[in-house]
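Asker: following is a predicted model, sequence given first.
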Amino acid sequence: MTAIKHALQRDIFTPNDERLLGIVNVCKAGKKKKNCFLCATVTTERPVQVKVVKVKKSDKGDFYKRQLTWELRDLTEVDAKDASKENPEFDLHFEKVYRWVASSTAEKNSFISCIWKLNQRYLRKKVEFVNVSSQLLEESVPSGESQSVAGGDEDALDEYQELSTREEQDIESMMVTCEYAISNAEAFAEKLFKELQVLDGANIQSIMASEKQVNILMQLLDEALGEVDTIEGKLSSYEEMLQSVKEQMDQISQSNRLIQISNTNNGKLLDEIQFLVNYMDLSKGHIRALQEGDLTSPKGIEACINASEALLQCMNVALRPGHEKLMAVNQQQLLFAELRDTFARRLTNHLNNVFVHQFNHFSHFKMTIPQFYRSSCLSLPGHDQSSTLSQHTAELTLPKHSPLHRDLLRYAKLMEWLKNTHREKYEGLSRTYVEYMSKLYEREIKEFFEVAKIKMAGTSKDPKGKFATLPRKESALKQETESLHGSSGKLTGSTSSLNKLTVQGSNSRRSQSSSLLDMGNMSASDLDVADRTKFDKIFEQVLSELEPLCLAEQDFISKFFKLQQHLTVAPPLAQPETEDFDGSLPSKKPPQAEHKHSLSSEKDIVRLMMNKIFQSIETELNSLIALGDKIDSFHSLYMLVKMSHHVWTAENVDPASYLSTTLGNVLVTVKRNFDKCISNQIRQMEEFKISKKSKVGILPFVTGFEEFAELAETIFRNAERRGDLDKAYVKLIRAVFMNVEKVANESQKTPRDVVMMENFHHIFSTLSRLKISCLDAERREAKHKYTDHLQSYVINSLGQPLEKLNHFFEGVEARVAQGVREEEVSYQLAFNKQELRKVIKEYPGKEVKKGLDNLYKKVDKHLCEEESLLQVVWHSMQDEFIRQYKHFEDLIGRCYPGSGITMEFTIQDMLEYFSSIAQSH
């Protein structure tokens with residue numbers, strides 16, 4: 001191994017200014033054995049770089065070459081595999097793990113020891129050595145061949161010291177003084193040796209001369225030792241004296257420590273007693289209020305609230321460790337529990353009584369709508385019931401429960417206390433409240449909607465008057481009955497009488513549902529705009545009454561039962577037409593499931609309570625909508641706008657609220673009725689049949705669409721659901737277009753072009769006047785169809801007024817097209833000048849005027865008076881006739897130049913013919 005080391009040093013490392021310090025013969029673990037050497041080297045130049053080099057022997061010759069080089073600073077871990085047993089395997093962790101097997105364990109240990117020494121000396125980063133014996137790292141490597149291989153140069157490296165700068169300067173100056181210092185090194189060395197001997201002799205003489213002074217110094221040291229012994233004796237006596245004082249001070253310190261511990265314990269005991277007295281003691285006044293406090297007076301309620309809060313604070317106090325073992329604490333806790341149960345029972349019984357009393361108070365003296373209506377209508381003419389009716393307001397309103405809410409809100413803090421202490425009693429009170437209020441609201445809402453339905457039914461009257469057969473007082477009484485609202489009358493009962501009224505009113509109307517055909521056949525008075533406006537106000541009043549009712553109940557439930565929704569509720573709306581409001585809304589309506597299910601939050605509890613209390617609102621709204629749609633299908637337009645606005649307003653406040661969800665569900669029904677109304681109009685257009693004996697004119701569904709659009713534009717002005725109306729417009733106008741063409745094709749008495757021209761002119765005028773943006777394309781299409789059919793009708797009606805002359809010039813144009821020059825056409829036998837004069841003489845001005853007069857009468861018979869298109873058509877015919885006249889004159893000028901042949905009448909004559917004919921009729 002020594003020979004290999006010297007060979008490697010000479011051939012590989014010396015040329016690179018490196019010194020080889022450690023070497024080990026290895027091969028890769030787990031592979032076919034290919035031996036190589038791992039070498040630990042350092043550079044001879046500063047800064048020193050320490051490297052691990054893999055050297056491999058060449059296969060072609062007896063020389064070595066470098067294969068891989070790693071910096072020692074990149075080495076992170078050396079794993080010797082086993083520190084207790086001899087194992088030649090080891091791992092070196094560089095950028096990856098290299099596994100090696102050494103030729104012997106001694107070589108492995110020597111190499112690892114060399115790496116350890118180089119790491120300790122040159123590297124700041126300490127390499128981690130795993131499974132390496134600590135003895136191997138602390139002691140030198142055992143003697144042997146490996147010692148001489150790995151350790152010799154390392155020891156030499158440790159003994160070598162570099163010259164300092166000053167030493168280098170001294171040597172240089174000394175060599176300068178000697179001329180042969182470099183040329184004759186042996187003579188220079190001998191000279192230096194002689195000078196060194198001279199200096200050694202001088203040193204020895206100096207040491208011998210100072211012997212006397214050394215003896216004096218030794219004597220002084222002996223005297224100092226004697227003084228030290230004396231001082232030590234005195235210090236020993238002082239120490240014995242202080243020992244007794246120390247023992248006394250220790251006893252005093254022990255006594256003071258015991259006194260301090262006693263004082264500390266007494267202070268802590270006093271703190272514990274004061275804590276228990278301050279936080280677990282309830283005053284006699286609070287106890288008396290909890291046991292027998294008045295829950296009806298404001299002062300009594302305030303005292304009970306203060307007492308309950310004090311009790312809750314005492315029960316929730318956080319006891320310190322060990323307090324629960326004290327008998328007094330246990331007794332107080334038992335007392336608190338008894339007071340809590342007693343007061344919870346008293347509070348629950350009292351609030352139950354309050355619920356029952358308020359329910360009975362609001363439910364007292366109820367009278368149903370059918371009963372009151374019958375008693376009013378069947379009374380004798382002389383029996384005046386105006387005193388009874390005067391007790392009821394004239395508006396459609398719901399009763400306000402603010403007095404009930406105001407009385408119950410006094411107990412809100414007590415309800416919160418009950419919620420925190422007795423959850424079962426709290427939930428029982430909640431169920432009781434919901435049970436009573438659901439009955440009360442169901443009755444009030446039912447009566448409210450019955451009044452609304454009677455008012456709606458009152459908007460549907462026949463021309464003679466719905467109650468024309470009643471006596472005068474009975475008619476007046478009926479009007480007062482229709483204005484009766486449910487806040488004081490509380491009308492309940494069956495809706496059979498209401499249905500009878502509705503059926504009678506509906507049968508006496510123009511039809512069960514309005515249509516475009518009906519609108520087209522009626523005057524403005526027949527459309528009964530006042531009835532629809534009244535219906536709109538009634539429906540708006542219903543929605544405006546329901547909104548504050550739900551909001552007020554939502555606000556009360558949140559405050560009274562302490563189910564905060566983190567939203568604020570605005571005061572109830574005072575005006576029936578008010579549409580903007582701000583406040584919290586009931587939570588989203590849950591599924592209609594009767595079984596109990598877990599509630600994940602307080603919002604779910606509010607949602608469930610609101611759903612149970614107002615479970616009849618959606619049903620009644622749908623019933624009211626069905627009645628309105630039955631009376632007049634166009635009511636769906638009013639309902640869609642109003643309902644959409646209220647849904648939009650509710651969703652802006654809380655999209656998941658009970659009110660928003662309920663109104664949204666009802667809006668779906670309204671939208672479905674609106675779509676059904678549009679579909680009915682389209683179906684009636686398709687079923688329309690024209691009379692075969694009379695001219696068509698403007699079709700009823702065309703004028704009906706005009707009036708529908710005017711009504712819809714009035715209703716949907718600034719509405720949120722404008723998109724629904726635009727879609728309906730497109731459907732209707734396409735149906736109108738299609739059915740106008742169908743009727744025009746089926747028309748026998750009126751020409752097709754006239755039907756198309758008049759109706760599309762009317763449609764174009766309507767769309768231009770109303771300026772409906774979504775129908776701009778249809779407006780342009782209507783104009784195009786009107787223009788095309790006008791031109792077609794003019795051409796077809798006018799025909800060829802100068803028929804023979806027209807045939808003559810068609811032959812002339814045919815000859816020119818065949819290649820005959822225009823100026824040579826007059827030489828053709830059939831088209832010479834004599835033939836042309838002969839044809840022209842057949843059309844004198846008198847005959848032309850007579851033909852035009854007959855044409856005017858024919859056009860007048862085709863057109864209707866409603867659209868006033870006669871003059872427009874006549875003017876178009878005049879333009880077409882003049883165009884043909886000019887065309888003939890042009891052909892005469894080009895084909896018969898210089899002949900002097902002209903028509904029997906001039907353009908001025910034609911203008912006079914058309915004008916005189918128009919004026920004469």
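Answerer: Now that the structure is in, tell me what you want to look at. All of these numbers come straight from a predicted model, not from anything done at the bench. Residues are numbered from 1 along each chain as shown.

Asker: start and end of stretch 856-873, how far apart?
Answerer: The first and final residues of stretch 856-873 sit 10 Å from each other (Cα to Cα, to the nearest Å).

Asker: contacting residues around it?
Answerer: Here stretch 856-873 makes contact (Cβ atoms under 8 Å, 6 or more residues apart in numbering) with 695-698, 750-751, 754, 757-758, 761-762, 790, 793-794, 797, 874, 877, 917-918, 921. To be clear about C-beta, it is placed using only N, CA and C from the backbone, and glycine gets the same treatment.

Asker: can you give me the helices for the stretch 751-900 of the chain?
Answerer: 752-770, 776-798, 803-818, 833-841, 845-862, 870-895 (DSSP state H, counting those that start in this stretch).

Asker: in a markdown table: those, plus mean neighbour count and mean pLDDT.
Answerer: Below are the helices of the stretch 751-900 of the chain laid out as a markdown table (neighbours: other Cβ atoms under 10 Å; pLDDT from 0 to 100):
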| stretch | mean neighbour count | mean pLDDT |
| --- | --- | --- |
| helix 752-770 | 22 | 89 |
| helix 776-798 | 17 | 87 |
| helix 803-818 | 14 | 85 |
| helix 833-841 | 14 | 85 |
| helix 845-862 | 15 | 78 |
| helix 870-895 | 16 | 84 |
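
Asker: check which residues of the helix or strand encompassing residue 342 are buried.
Answerer: Per DSSP states H and E, residue 342 falls inside helix 327-363. Within helix 327-363, the residues scored as buried using 16 or more other Cβ atoms under 10 Å are 329, 332-333, 336, 339-340, 343-344, 346-348, 350-351, 354-355, 358-359, 362.

Asker: and stretch 62-82, what's its mean pLDDT?
Answerer: For stretch 62-82, the mean per-residue pLDDT is 86.

Asker: and it, how far from the chain's centre?
Answerer: With Cα atoms, centre = their mean, to the nearest Å as the basis, stretch 62-82 stands 62 Å off its chain's centre.

Asker: what's the answer for stretch 652-664, then?
Answerer: Distance of stretch 652-664 from its chain centroid, counting by Cα atoms, centre = their mean, is 17 Å.

Asker: in CSV, list the C-alpha atoms belonging to it.
Answerer: Provided in CSV are the C-alpha atoms of stretch 652-664 (Å, rounded to 0.1, in the frame of the first residue of the first chain):
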residue,chain,number,x,y,z
ASN,A,652,-82.2,42.7,-1.6
VAL,A,653,-82.7,42.6,2.2
ASP,A,654,-82.3,38.8,2.7
PRO,A,655,-82.4,36.4,-0.3
ALA,A,656,-83.0,33.4,2.0
SER,A,657,-85.7,34.9,4.1
TYR,A,658,-89.1,33.4,4.7
LEU,A,659,-90.9,36.3,3.0
SER,A,660,-88.6,36.3,0.0
THR,A,661,-89.0,32.5,-0.5
THR,A,662,-92.8,32.6,-0.1
LEU,A,663,-93.2,35.5,-2.5
GLY,A,664,-90.8,33.9,-4.9
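
Asker: next, the buried residues of it.
Answerer: The neighbour-count check on stretch 652-664 (16+ other Cβ under 10 Å) flags 653-654, 657-664 as buried.

Asker: one more: stretch 625-644?
Answerer: So for stretch 625-644, counting by 16+ other Cβ under 10 Å, buried means 625, 627-644.

Asker: show me the residues you listed that map onto helices.
Answerer: Counted as lying in helices by DSSP state H, out of the buried residues of stretch 625-644, are 625, 627-631, 635-644.

Asker: pretty sure residue 844 contacts residue 905?
Answerer: Yes - using Cβ atoms under 8 Å, residue 844 is in contact with residue 905, at 7.3 Å.

Asker: my guess is residue 835 contacts residue 808, does it?
Answerer: Yes - between residue 835 and residue 808 there is a contact at 7.1 Å, judged by Cβ under 8 Å.

Asker: let's have the buried residues of stretch 652-664 in TSV, adding pLDDT and secondary structure.
Answerer: Shown next, in TSV, are those (pLDDT from 0 to 100; DSSP: H, G, I helix; E, B strand; the rest coil):
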residue	pLDDT	secondary structure
653	74	helix
654	73	coil
657	75	strand
658	79	helix
659	82	helix
660	83	helix
661	83	helix
662	85	helix
663	86	helix
664	86	helix
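
Asker: residue 608: which of these is nearest?
Answerer: residue 658 (9.7 Å; Cβ to Cβ).

Asker: how near is the closest one to residue 609?
Answerer: 9 Å (Cβ to Cβ, to the nearest Å).

Asker: residues contacting stretch 806-818, please?
Answerer: With Cβ under 8 Å, 6+ apart, stretch 806-818 has contacts from 800, 822, 825, 828, 830-831, 835-836, 839, 884, 887-888, 891, 895.
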